[in-house]
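In: predicted coordinates and the sequence they were generated for:
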Amino acid sequence: MDTESKITIKAEPRDIFGHLLAMCALYASAGSFLTLLFGILNTTFPDTLQGYGYGSGDYASMRFAIAMLCIVFPIYLFTMRHLKKEYRAMPEKQMLRIRKWLVYFTLFIASLTMIGDVIALINHFLNGELTTRFVLKVLAVFIVAGAVFFAYKEERGRENIENKSINRVFRYGISVIVLTGIITGFLMVGSPSSERARRFDDERINNLQFLQSEIVFYWQNKHVLPSNLDALKDDIRGVRPPLDPETGASYGYAIKDAESFSLCATFKTESTTYQNKEARSMPAMPYASLENNWEHDVGNTCFERHIDPEVYKKEK
């Protein structure tokens with residue numbers, strides 16, 4: 001046994017912190033990048049079997065993934081760069097037990113991911129659910145897991161870490177890929193100001209839906225439509241007609257006839273911002289009606305509503 005192998009290396013608290021931080025940042029980066037890719041694929045290759053209006057959830061997950069990548073991926077790069085410098089200054093630190101455990105654990109997780117990926121591909125193929133989007137998702141998982149696996153397979157034992165050119169090429173290559181994904185996702189989800197405008201429009205729709213239900217309730221109990229929205233006030237139930245969340249203005253309301261009315265609001269975005277053409281062209285469900293239709297364009301939009309006495313019975 002040589003002298004070098006007899007040296008006992010003990011991990012200091014900063015060593016434990018550095019290695020744990022690097023591994024956690026790696027896992028978070030890989031998961032966030034896959035979430036971002038899945039969101040991009042879901043919106044680029046829509047599946048009508050998923051139903052109408054699923055896009056908003058995909059965009060929300062993409063925004064969260066972008067936020068995660070903007071933080072955890074730079075942390076991973078910085079931490080690994082710092083660890084590499086320590087390895088070059090003190091090569092014996094490559095023998096730290098926590099480093100070996102985390103490296104092998106990473107390889108274990110990456111191996112299981114790739115195995116499960118292949119199993120999922122075969123299972124979906126046998127179920128006849130093989131689509132372009134699914135194949136690309138499987139490929140994305142396989143590539144990400146494979147990149148993690150091959151990036152860390154050389155971390156076993158006391159490998160030579162002096163090859164700076166290979167490390168630099170790999171680091172820059174991964175950084176370019178992640179940055180490309182972030183930029184693509186950002187272009188798809190839009191700017192923060194456009195998202196804020198969309199959220200205001202969502203709140204306007206919620207308010208109009210509330211007003212519609214209160215108008216119908218008023219008509220059922222008083223057998224006439226309210227003369228204006230202020231007539232909906234009810235101190236007992238605590239009902240107050242909501243106002244535009246951005247401007248504070250009242251919503252538009254007009255009586256068409258004894259059983260028909262319209263509600264109006266001014267929108268900043270289109271209701272189809274997160275709905276692809278395939279999803280928008282899907283046939284309505286059998287129970288869907290005009291009263292469930294809240295599609296709108298930019299600008300002032302009015303929704304015509306007719307109360308069906310056979311559906312909404314008047315209170316006696």
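Out: Alright, I've got the coordinates.
In: for F303, helix, strand, or coil?
Out: Under the three-state scheme (DSSP: H, G, I helix; E, B strand; the rest coil), F303 adopts strand.
In: could you find the closest non-adjacent residue to it?
Out: Across the structure, with Cβ to Cβ, 6 or more residues apart in numbering as the measure, the residue nearest F303 apart from its sequence neighbours is L263 (5.1 Å). No exception for glycine: its C-beta is placed from N, CA and C like everyone else's.
In: could you list the buried residues of the one helix or strand that neighbour maps to?
Out: Applying DSSP states H and E as the criterion places L263 in strand 260-267. Judged by neighbour count (16 or more other Cβ atoms under 10 Å), strand 260-267 contains these buried residues: F261, L263, A265, T266, F267.
In: contacting residues for the residue nearest to F303?
Out: The neighbourhood of L263, defined by Cβ atoms under 8 Å, 6 or more residues apart in numbering, consists of L208, L211, Q212, Y251, G252, Y253, C302, F303, R305.
In: so who does I66 touch?
Out: Residues counted as contacts of I66 (Cβ under 8 Å, 6+ apart) are L36, I182, G185, F186, V189.
In: equivalent analysis for I143, please.
Out: For I143, counting by Cβ under 8 Å, 6+ apart, there are no contacting residues.
In: Three-state assignment for it, please.
Out: Going by three-state DSSP, the secondary structure assigned to I143 is helix.
In: do the same with L225
Out: For L225, the secondary-structure state derived from three-state DSSP is coil.
In: could you pull up the residues touching it?
Out: Contacts for L225 were tallied using Cβ under 8 Å, 6+ apart; they are I215, Y218, W219, I255, A258, E259, F261.
In: so which residue is dead centre in the chain?
Out: What sits nearest the mean C-alpha location of the chain, by Cα atoms, centre = their mean, is S61, with 0.5 Å.
In: which pLDDT value belongs to it?
Out: The score at S61 is 88. That number is its pLDDT.
In: contacting residues around it?
Out: Per Cβ under 8 Å, 6+ apart, neighbours of S61: T35, F38, G39.
In: from L34, how far out is it?
Out: The gap separating S61 from L34 is 11 Å, by Cβ to Cβ, to the nearest Å.
In: and N206, by the same measure?
Out: When Cβ to Cβ is applied, the distance between N206 and L34 equals 32 Å.
In: when the two are compared, which one has more neighbours?
Out: Using other Cβ atoms under 10 Å as the criterion, N206 and L34 rank with L34 on top: 19 against 13.
In: tell me the SS of that one?
Out: Using three-state DSSP, the three-state assignment for L34 comes out as helix.
In: in the protein, what secondary structure element scores lowest on mean pLDDT?
Out: Taking mean pLDDT, DSSP states H and E as the measure, the helix or strand of the chain with the lowest value is helix 277-280, at a mean of 38.
In: just the endpoints, please. Distance across stretch 254-266?
Out: 15 Å (Cα to Cα, to the nearest Å).
In: show the average pLDDT along that stretch.
Out: Per-region confidence: stretch 254-266 scores 93 on mean pLDDT.
In: can you name the next helix or strand after the strand or helix carrying the residue nearest to the centre of the chain?
Out: Remark: S61 resides in helix 55-89, with elements defined by DSSP H and E. Taking DSSP H and E as the definition, the helix or strand that follows helix 55-89 towards the C-terminus is helix 97-126.
In: which secondary structure elements does that following helix sit against?
Out: Using 3 or more Cβ pairs under 8 Å, 6 or more residues apart in numbering; DSSP states H and E as the contact test, the elements touching helix 97-126 are helix 13-44, helix 132-152.
In: angle of the host helix or strand of Q212 against helix 55-89?
Out: Using DSSP H and E, Q212 maps to helix 192-222. Between the axis of helix 192-222 and that of helix 55-89 there is an angle of 150 degrees, by axes from the mean of the first three to the mean of the last three Cα atoms, to 10 degrees.
In: flag the shaky bits of the stretch 101-250 of the chain, pLDDT-wise.
Out: Judged by pLDDT under 70, the stretch 101-250 of the chain has its weakly predicted residues at 124, 128-130, 150-168, 170.
In: one more time with 90
Out: Residue ranges of the stretch 101-250 of the chain with pLDDT under 90: 101-178, 181-182, 184-199, 223, 234-239.
In: roughly how far apart are F108 and L102?
Out: Distance check for F108 against L102: by Cβ to Cβ, it reads 10 Å.
In: who has more neighbours, the two?
Out: Set side by side, F108 and L102 show unequal neighbour counts under other Cβ under 10 Å, the larger going to L102 at 20 against 11.
In: find the nearest non-adjacent residue to the more buried one, please.
Out: What sits nearest to L102 in space, not counting adjacent residues and going by Cβ to Cβ, 6+ apart, is M23, at 4.8 Å.
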